[in-house]
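Colleague: here is a sequence together with a model predicted from it:
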Amino acid sequence: MNLTYKRQMMVQIVIIVVLSILLVMALGVPVFAQTEIASDTATRQELEVFISPGQSIQAAVDANPAGTTFRIKAGIHRLQQIKPKDGDKFIGEQGSILSGAKILSASGFVKSDNCWYIEGQTQRLSQPFGTDIIIPGYESDLNPEELFVNGDTRLKRVGALSELGTERWYFDYKVARIYLYDNPSSFSLIETSSASAAFGGSGIKDVLIDNLVIEKYGNPPNHGAVGSLGTPDSRFTYNWTCRYLTVRYNHGDGIDTGPGMTVEHCKLHNNGQFGIGGTGVDERQYWSSPSTAYKARVIFRNNEVFRNGVLGYQRGWGAGGSKFAVQAGGTLVENCWFHDNYGPGIWFDIENRDTIIRSNLVENNGITLSDKIGGLGRGIFYEVSYEPAQIYWNISRNNQETAILNSNSENVEIYENAVYPNGIIVSHDNRGHQTSSKIHHNDIGRGDLPIGNGLAVGISSVHGTEDILSRVTVDSNTYRGFDAGTRYWWAGIMWSSGSRTFSEWQSFGLDKNGTLLGAGTPVLPANAVPFALSQYGQQ
């Protein structure tokens, strides 16, 4: 073999090595091979793939088998939308961020009269709803594209160029321009949502998402930045685990549950509609065949949920800390901190079964968008659902409206909670369910709702008090700050005729063993496991 031939061979080898490295960088394929993991039955190989900012996570998923572990390197990974394979794991380093927003360069804006604009904005994100779900005056909040400046400031979107003002922006779809009133050079960073969600995929099983920040996706309402890719057929995930996630500044929900999902140690905040939403069944199957549809218990524990519902969704339609719906496989909400949301803290609505809500701190919910807009500020709201449900060991305090409300739900036991002010209500309307409840051993502080002289426990029915009293038992509760001779709101037909003294309340057969105490802060019983602060969000 002559020297020239040897040199040619060496050059070819170097070229092959360089091309292989470039392929690794482009697709995120394994930099080093495999880790042997022993099990009781066999030895399996777990593949690890490292992904740096700028690489496509979906391309790496497509290029590797199910069950691969993807290590997401620190930095901002923009516009990633991921449909995993069964058993995939996505684990972030500290400082790893998935962002649904692209950067708008300040130098790309052009001055025009009293505003600035940038051209070439062709992004259009899905939005299937009409403006009837939006509070009047907030119609532009329906559109999923948002604009952020300086990292975490969400500017208010307006519906016409004439409405521009400081910290406002306008998107003219017809000419593909984004307009700002403020000088773009005054901001350190300008970003606009251009991807609809981070993770989703119906029927995909056993995925782990761990230690990531997920932010600024333009997901539609009732869809999560995690758990849905923004379409009805992408939101029924099976047995996923989400832990140590910080999910923030997304347009719809932060996370949407699917059947069997576990969400632990997450921080969910400043999302447009809810921090956490979703279902516990595969609704593609459930409504036609509920007995055979896939369903599994959802676990939501050790999470912090705050300042969600910040966009102008109708409060009664859906906005706030959480909304769990069609959780027919059961749900556990445990040791979570729901606070300062623009709507209810914990909300279950429609077709929920086998629910446990315990050891949570629920406070200061029901913040309003303006003085004229109600916050629907229930602390814990259990609505139009089925047996059994247990609500216990919770502290629900300083919420704008009722501390705990059972509305048209069957066999709900509410006990050993500490609530103040604004007590506990059980109500029955014409919604197809026979409301029934057991309310006992709660410690209740005097309420300040404009009902009588304050709310203690309210029981109401459109069919009259006697109708609902046949299905409600109330006993052994402690009432602080109430006196025996004053008329408070204890029971009535809807919101009228409900002011009674404590002895009149007892004449209905209620709270025969109840106790009136002087003013003081309600406490949980000694046997309770109280809420305890945990570790929330990316580590």
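Modeller: Cool, the structure landed.
Colleague: is it true that residue 131 touches residue 139?
Modeller: Yes: judged on C-beta atoms under 8 Å, residue 131 makes contact with residue 139 at a distance of 4.9 Å. C-beta: built from backbone N, CA, C; applies to glycine.
Colleague: what are the boundaries of the helices in the protein?
Modeller: 3-27, 57-63, 283-286, 315-318, 465-469, 502-507 (DSSP state H).
Colleague: looking at the ones you listed, which has the lowest confidence?
Modeller: Mean pLDDT is lowest for helix 3-27 among those, at a mean of 45.
Colleague: nearest spatial neighbour of residue 535, skipping sequence neighbours?
Modeller: Among residues not flanking residue 535 along the chain, residue 265 sits closest, at 5.5 Å (C-beta to C-beta, 6 or more residues apart in numbering).
Colleague: these two touch, right, that neighbour and residue 300?
Modeller: No: judged on C-beta under 8 Å, residue 265 makes no contact with residue 300 at a distance of 11.0 Å.
Colleague: which one's more surrounded, the two?
Modeller: Taking other C-beta atoms under 10 Å, residue 265 and residue 300 do not tie; residue 300 has more neighbours (27 against 20).
Colleague: quick one: that one from residue 418, how far?
Modeller: Per C-beta to C-beta, to the nearest Å, residue 300 is found 21 Å from residue 418.
Colleague: can you check residue 378 too?
Modeller: Residue 378 sits 16 Å away from residue 418, going by C-beta to C-beta.
Colleague: quick one: end-to-end distance for stretch 382-397.
Modeller: 17 Å (C-alpha to C-alpha, to the nearest Å).
Colleague: list the buried residues of it.
Modeller: Neighbour-count burial for stretch 382-397, with 16 or more other C-beta atoms under 10 Å as criterion, is recorded at 382-386, 389-397.
Colleague: worst-scoring helix or strand of this structure, pLDDT-wise?
Modeller: Across the helices and strands of the chain, the lowest-confidence element by mean pLDDT, DSSP states H and E is strand 34-38, at a mean of 33.
Colleague: my read: residue 46 touches residue 64, true?
Modeller: No: with contact defined as C-beta under 8 Å, residue 46 does not reach residue 64; the gap is 11.3 Å.
Colleague: looking at these two, which has the bigger crowd around it?
Modeller: Comparing residue 46 with residue 64 by neighbour count (other C-beta under 10 Å), the higher total belongs to residue 64, at 20 against 13.
Colleague: could you tell me the model confidence score at the more buried one?
Modeller: 98.
Colleague: ok, the closest residue to residue 181 other than its chain neighbours - contacts?
Modeller: Nearest residue to residue 181, sequence neighbours excluded (C-beta to C-beta, 6+ apart): residue 164, at 4.3 Å. When contacts are counted by C-beta atoms under 8 Å, 6 or more residues apart in numbering, residue 164 touches 114-115, 158, 170, 179-181.
Colleague: so which of the residues you listed belong to strands?
Modeller: Of the positions in these, 115, 170, 179-180 sit in strands, assigned by DSSP state E.
Colleague: tell me the one of those residues nearest residue 235?
Modeller: Using C-beta to C-beta, residue 170 comes nearest to residue 235 of these, at 30.5 Å.
Colleague: identify the bridge partners of the closest one.
Modeller: Residue 170 forms beta bridges with residue 179, as assigned by DSSP bridges.
Colleague: and it, how far is that from residue 196?
Modeller: For residue 170, the distance to residue 196 (C-beta to C-beta) stands at 21 Å.
Colleague: re the thing from before, farthest-apart pair in the buried residues of stretch 382-397, please.
Modeller: Going by C-beta to C-beta, the pair spanning the buried residues of stretch 382-397 furthest: 386 and 397, at 28.0 Å.
Colleague: so where is the stretch 351-500 of the chain shaky, pLDDT-wise?
Modeller: 370-375, 432, 447-456, 461-467, 488-498 (pLDDT under 70).
Colleague: domain assignment for this structure?
Modeller: Domains of the chain are assigned by automatic domain parsing as 38-100+195-414, 101-193, 418-523.
Colleague: deepest in the core, which of those domains is it.
Modeller: domain 38-100+195-414 (a mean of 22; mean count of other C-beta atoms under 10 Å).
Colleague: pLDDT weak spots in the stretch 1-150 of the chain?
Modeller: Using pLDDT under 70, the stretch 1-150 of the chain drops low at 1-45.
Colleague: nearest residue to the middle of this protein?
Modeller: residue 276 (1.6 Å; C-alpha atoms, centre = their mean).
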